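*Asks:* fold the stuff below for me.
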Amino acid sequence: MSDHFPQFEVIPAVDVQDGEVVQLVGGERGTETRYGEPAGAADEWVQAGADTLHLVDLDGAFEGERANADAFESIIETAAVDIQLGGGIRTVDDAAGLLDLGVDRVILGTAAVETPDIVADISETHPGSVMVSLDAKDGEVVVSGWTEGTGLDPAEAATRYEELGAGAILLTDVDVEGQLAGVNTDLVSRVCEAVEIPVVASGGVATVDDIVALRDAGAAAIVVGTALYEGEFTLEEAMDAVAE
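*Replies:* Numbering: from 1, shown residues only. Predicted coordinates for the structure are as follows:
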């Protein structure tokens, strides 16, 4: 474990589109359910005991430019927890600006796949601060809002980014994302075995048992969105289950 996740964490997702918290099904735009404004959601999760918040600018992820910066900046300034933020971070300057603002980890997806050296460049000035987001679908890494295959094996890709200085891997299982359909522990354990850095799992969590299964598969933390917003279980229940 790195100092990022000294113990297993359940991390609530605050995915923002058009200034509102949403959850998508399978990453498809137009499938979103809306859950109010971001600062309120962030505050709710912090009050419930979250140690980290997972903020994603969905407009940024799809359009390639960060679109919800104002909403996030107020959260970054006020939340007394770790913040990991992704969506539309395409350059070293984008990343450095966010890290200097108080973000603990920047999440790079498409940019890391297209220009892997960006991971090394950011890590040089902000060691351990890059979380590389690998979205896996049918056993390969996909990019550009999950629409394009890369032919990369997720475990091999994770190893490559670890060598470039990534501080953590965010592994999203697109096949089960947002569907409350359960998790694929084989994928997670395979990637966890390939690297020393923490692997944070995301996608498909429907029950507290899913969270325990991902922890047992080797994940350092788990990002949960839909299940928490839909009230399948509370953050406290999830944290209690993995504390036992």
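
*Asks:* show me the strands in this protein, by range?
*Replies:* Taking DSSP state E as the criterion, the chain contains strands spanning 9-17, 20-25, 28-34, 52-57, 82-86, 105-108, 130-137, 140-143, 148-149, 168-173, 199-202, 221-224.

*Asks:* distance check, the residue lying closest to Met239 once chain neighbours are set aside against Gly182.
*Replies:* The shortest distance from Met239 to any residue that is not its chain neighbour, by CB to CB, 6 or more residues apart in numbering, is 5.5 Å, and that residue is Val10. The way it works is simple: take the backbone N, C-alpha and C, and place the C-beta from them, glycine included. Distance of Val10 to Gly182, computed by CB to CB, to the nearest Å: 17 Å.

*Asks:* these two: who's more crowded?
*Replies:* Val10 (29 against 14; other CB atoms under 10 Å).

*Asks:* am I right that Pro38 is in contact with Ala69?
*Replies:* No. Proximity of Pro38 to Ala69 does not meet the contact threshold set by CB atoms under 8 Å, at 11.3 Å.

*Asks:* of these two, who's got more company?
*Replies:* Shown here are Pro38 and Ala69; by other CB under 10 Å, Pro38 has more neighbours (23 against 15).

*Asks:* residues in contact with that one?
*Replies:* For Pro38, the contact set (CB atoms under 8 Å, 6 or more residues apart in numbering) comprises 14, 16, 19-21, 55, 68, 71-72, 75.

*Asks:* CSV please, covering those and showing pLDDT and distance to Ala166.
*Replies:* Output for these, formatted as CSV (pLDDT from 0 to 100; distance: CB to CB, whole Å):
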residue, pLDDT, distance to Ala166
Val14, 94, 22
Val16, 92, 24
Gly19, 88, 30
Glu20, 91, 30
Val21, 92, 27
Leu55, 95, 19
Asn68, 79, 24
Ala71, 84, 26
Phe72, 89, 22
Ile75, 93, 24
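
*Asks:* which among those end up buried?
*Replies:* The neighbour-count test (16 or more other CB atoms under 10 Å) marks 14, 16, 20-21, 55, 68, 71-72, 75 as buried among those.

*Asks:* separation between the residue nearest in space to the middle of the chain and Gly40?
*Replies:* In the chain, the centroid-proximal residue (CA atoms, centre = their mean) is Leu170; its distance is 5.3 Å. Distance check for Leu170 against Gly40: by CB to CB, it reads 24 Å.

*Asks:* equivalent analysis for Pro198, please.
*Replies:* Plainly put, Pro198 is 29 Å away from Gly40 if you go by CB to CB.

*Asks:* more neighbours, those two?
*Replies:* Taking neighbours as other CB under 10 Å, Pro198 and Gly40 compare with Pro198 leading, 23 against 11.
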